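Asker: I need the structure of the sequence given here:
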Amino acid sequence: MSRIGKKVIEIPKDVSVQLENEKIIVKGKHGSLEREILNNLKLEITDKKLVITRNDDSKQSRSYHGLIRALVQNMVSGVDQKFSKTLIAEGVGYKFQVDKTKLILSVGFSHPVEFEIPSDLSIKAESPTKLVISGIDKEKVGFLAAKIRDMRPPEPYKGKGLLYEGEKILRKAGKTGK
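Answerer: Numbers count the residues shown, from 1 in each chain. Next up, the predicted model:
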């Protein structure tokens with residue numbers, strides 16, 4: 001039995017949840033999100049609590065039970081308070097610059113790398129070496145942060161690269177001469 005799927009989702013007071021045939025729509029102070037739901041799962045709203053149950057015990061409905069519950073929980077928390085990821089540029093000359101719709105990375109290449117900022121995400125450079133990505137969709141925030149980090153992931157010898165805040169880099173000893 002899915003332990004995560006059995007948990008009840010608490011709906012905050014300024015968030016509204018609507019169920020339409022096979023779709024769930026969550027609206028809050030930061031925006032609205034919607035997602036398709038399989039018809040093997042049943043969603044019930046009772047006094048600011050959302051319960052997800054399975055119609056049958058097939059393998060597909062068992063495997064989606066916990067997943068859909070986690071995705072709906074992320075939707076509810078995203079519209080209530082935004083998700084954010086922080087990236088840090090570690091290395092000499094590594095920096096972030098934010099233009100109106102572009103993010104410009106200087107990460108040791110012969111040219112600056114440009115990223116288009118999606119309209120539903122906001123990017124703020126707290127300092128030239130610290131970047132905060134925030135938005136209501138946890139998946140999009142994490143995906144953009146991972147794409148930016150992939151430009152120059154941290155390397156284990158000097159620790160240079162783009163890393164998440166709080167990430168620990170396993171350092172290696174370099175070669176030693178005779």
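
Asker: What sits closest to residue 93 if chain neighbours are left out?
Answerer: Nearest non-adjacent residue to residue 93, counting by CB to CB, 6 or more residues apart in numbering: residue 106, 6.3 Å away. Any C-beta I mention is one placed from the backbone N, CA and C, and that applies to glycine too.

Asker: swap in residue 98?
Answerer: Nearest to residue 98 is residue 125, by CB to CB, 6+ apart, at 4.8 Å.

Asker: Just to be sure, that neighbour is in a helix?
Answerer: No. With DSSP: H, G, I helix; E, B strand; the rest coil as the criterion, residue 125 is located in strand rather than a helix.

Asker: in the sheet, who's paired with it?
Answerer: On the basis of DSSP bridges, residue 125 is bridged to residue 131.

Asker: tally of neighbours for it?
Answerer: Number of residues near residue 125 (other CB atoms under 10 Å) recorded here: 17.

Asker: For the residue nearest to residue 93, list the residues it contacts.
Answerer: If you count contacts by CB atoms under 8 Å, 6 or more residues apart in numbering, residue 106 has them with 93, 94, 95, 96, 97, 112, 113.

Asker: Looking at the residues you listed, which are in strands?
Answerer: If you go by DSSP state E, the contacts of residue 106 have 95, 96, 97, 113 in strands.

Asker: Give me the neighbour count for the third one.
Answerer: Burial of residue 97 is recorded as 14 neighbouring residues (other CB under 10 Å).

Asker: ok, and the closest non-adjacent residue to it?
Answerer: Nearest to residue 97 is residue 104, by CB to CB, 6+ apart, at 4.2 Å.

Asker: isn't that neighbour right up against residue 114?
Answerer: Yes. Taking CB atoms under 8 Å as the definition, residue 104 is a contact partner of residue 114 at 5.5 Å.
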